[in-house]
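1. Would you be able to build a 3D model of this:
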Amino acid sequence: MATKKQSVLDAEKKDMDLMTVLANGGASSVFKKNTLVDYCYSTGISVIDYTLGYRVIVRDITGSIVKERICLGLQAGSFDVLTGATQSFKTTIGMQMCANIAYQHNGNIVHIDAENRLSLQRAKTLTKLPESWFTGDYPRYAIKNGAIGYDTLQNYITEIYETKMRAKTVLLKDTGEVDDQNNPIWLMPPTIVFLDSLSDVISKEYDMRDKKEWDKQKEMRSNTDGMQNAKTLKGVISDILPMMKEANIILLTIAHENANVAMTAFAGPKKQFQYGNKDVKISGGKSVEYNASALMTFTGEIKDDSRYHMDTDGFDGNTVLFEPTKVSTNVSGNAKTGLGFRIIIDKRRNGVDNVRTLVKFLEDRGRIKGDRRGYKVLSPTGEEISDKFSWKNIYD
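-> Have a look, this model is predicted:
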């Protein structure tokens, strides 16, 4: 078969632009367009949604702007982390985020209770999901506990991925939104894997019947465990991230804070994150730092005015400070940089109280006049624009 001379080929390409040449007559797989899916799911907590949110500019085939839309909440198929000290309501907030996303978008939840202390009734109360989500042979809110290893976590996500991909044509649905090129966005229903917590996942699952192996592993478990676990986690995350994106699996995990100790006596500890406290580090090591789409830090406030009581406020609750320590879709920061948001927790009934949280947001920004006994909302120019209300009658 005759082939063209190099001089002829060069002559044909001399008037082509760079990308036409690199496309190689349409044979290139490297330069084929691969549109990223800008689609997010509202967590039901407004200050978190907007902190993670970003704007998408939609254009038609001529390049003209058709519209702008806002993506609010967790990205489809993302890996997200909740961190903070104990009693900062991470589990409460995480469970509600999962439930709000799954219920609103016809999805499902796999709750991995690695801490082995979940109360089923508490799960029902906090999520406010229908009873049918927890019953049957294949519950929509599936709870997994016992000894959970990194291999188990990877197997769970791999099985979900393979099952969804086999039924891709059936599961793909039009989200009702368009991408930046004004094409419809089709996604599978979200599956949220909620891992509570990362530090309770064991690096290897042992056969308890094999006493010799068990004794050997007990001897090996030492101060190097953290390094071994982090290395194992790094491999798991690298393997599952592509599957999560393709099958719309959101992994939301809790990573506890621990003391950050200096490696030498002559230098203080280094910060793990730019906007984190240098005295603390989170479980999971660099794998979590590098791969998380959003790393959200929560701190339980302990001041007297951060607690709420039934007789004076109409509910029993606490205040939690939320800081977007790392956000891939928006601006990262902390309270010192002006990105600190107080979330109100109703301990008995509602978990996160979104309405009172928004009132607190307005109060912190000077848009509220008064105190808990009587508030009024102010306009940007300082004019009163609401009737008087209190913490007690806020829902009235």
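
2. distance between the one helix or strand residue 256 maps to and the chain's centre?
-> Per DSSP states H and E, residue 256 falls inside strand 249-259. The chain centroid and the centroid of strand 249-259 are separated by 9 Å under Cα atoms, centre = their mean, to the nearest Å.

3. please begin residue numbering at 418 from this point
-> New numbering, starting at 418: the last item is strand 666-676.

4. packing partners for that strand?
-> With contacts taken as 3 or more Cβ pairs under 8 Å, 6 or more residues apart in numbering; DSSP states H and E, strand 666-676 sits against strand 491-492, strand 496-501, helix 507-521, helix 567-583, strand 608-613, helix 642-664, strand 697-699. Heads up, the C-betas are built off the backbone N, CA and C, glycines and all.

5. Quick one: mean pLDDT for that strand?
-> Across strand 666-676, the average pLDDT comes to 88.

6. buried set for it?
-> Neighbour-count burial for strand 666-676 flags 666-674 (criterion: 16 or more other Cβ atoms under 10 Å).

7. Take the helices and strands packed on strand 666-676 and lay them out in JSON lines including mean neighbour count and distance to residue 785.
-> As requested, the helices and strands packed on strand 666-676 are arranged in JSON lines below (neighbours: other Cβ atoms under 10 Å; distance: least, Cβ to Cβ, whole Å):
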{"stretch": "strand 491-492", "mean neighbour count": "24", "distance to residue 785": "29"}
{"stretch": "strand 496-501", "mean neighbour count": "26", "distance to residue 785": "26"}
{"stretch": "helix 507-521", "mean neighbour count": "23", "distance to residue 785": "23"}
{"stretch": "helix 567-583", "mean neighbour count": "16", "distance to residue 785": "44"}
{"stretch": "strand 608-613", "mean neighbour count": "24", "distance to residue 785": "34"}
{"stretch": "helix 642-664", "mean neighbour count": "16", "distance to residue 785": "40"}
{"stretch": "strand 697-699", "mean neighbour count": "23", "distance to residue 785": "32"}
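
8. send the alpha carbons of the strand holding residue 673 over as CSV?
-> Taking C-alpha atoms only, strand 666-676 is exported to CSV below (Å, rounded to 0.1, in the frame of the first residue of the first chain):
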residue,chain,number,x,y,z
ILE,A,666,-20.2,7.4,44.6
ILE,A,667,-19.6,10.1,47.2
LEU,A,668,-17.2,9.0,50.0
LEU,A,669,-17.8,11.2,53.1
THR,A,670,-15.5,10.2,56.0
ILE,A,671,-14.8,11.4,59.5
ALA,A,672,-11.1,11.9,60.3
HIS,A,673,-10.4,12.7,64.0
GLU,A,674,-7.9,15.3,65.1
ASN,A,675,-4.9,14.1,67.1
ALA,A,676,-2.0,15.9,68.8
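
9. Quick check: residue 525 touching residue 608?
-> Yes. Using Cβ atoms under 8 Å, residue 525 is in contact with residue 608, at 5.5 Å.

10. What ranges in the stretch 618-767 of the chain fall below the confidence cut-off?
-> 620-648, 676-697 (pLDDT under 70).

11. Please repeat the previous calculation with a cut-off of 50.
-> 623-626, 631, 635, 637-641, 644 (pLDDT under 50).

12. Contacts only, for the nearest residue to residue 575 once chain neighbours are set aside.
-> If the residues on either side of it in the chain are set aside, residue 575 comes closest to residue 660, at 6.6 Å by Cβ to Cβ, 6 or more residues apart in numbering. Applying Cβ atoms under 8 Å, 6 or more residues apart in numbering to residue 660 gives the contacts 574-575, 578, 666.

13. can you list the residues you listed in TSV and add distance to residue 806?
-> Converted to TSV, the contacts of residue 660 look like this (distance: Cβ to Cβ, whole Å):
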residue	distance to residue 806
574	45
575	51
578	48
666	42
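
14. Need the max-distance pair from the residues you listed.
-> The distance between the two most remote of those (Cβ to Cβ) is 10.0 Å, for 575 and 666.

15. those strands in the stretch 418-567 of the chain, which residues are they?
-> Along the stretch 418-567 of the chain, the stretches classed as strands by DSSP state E, counting those that start in this stretch are 457-458, 471-476, 482-488, 491-492, 496-501, 525-530, 558-562.

16. how distant is the fifth one from the center of its chain?
-> On the basis of Cα atoms, centre = their mean, strand 496-501 is displaced by 6 Å from the centre of the chain it belongs to.

17. and the angle from it to strand 666-676?
-> 30 degrees (axes from the mean of the first three to the mean of the last three Cα atoms, to 10 degrees).

18. For strand 496-501, which strands pair with it and how are they oriented?
-> Using DSSP bridges, the strands paired with strand 496-501 are strand 666-676 (parallel), strand 711-717 (parallel).

19. Can you say which of the ones you listed is nearest to residue 754?
-> Across those, closest to residue 754 is strand 711-717 (Cβ to Cβ), at 12.7 Å.

20. Run the chain-centre distance for the very next helix or strand once past the closest one.
-> Counting by DSSP H and E, the next helix or strand C-terminal to strand 711-717 is strand 724-725. Mean-position distance between strand 724-725 and its chain equals 27 Å (Cα atoms, centre = their mean).
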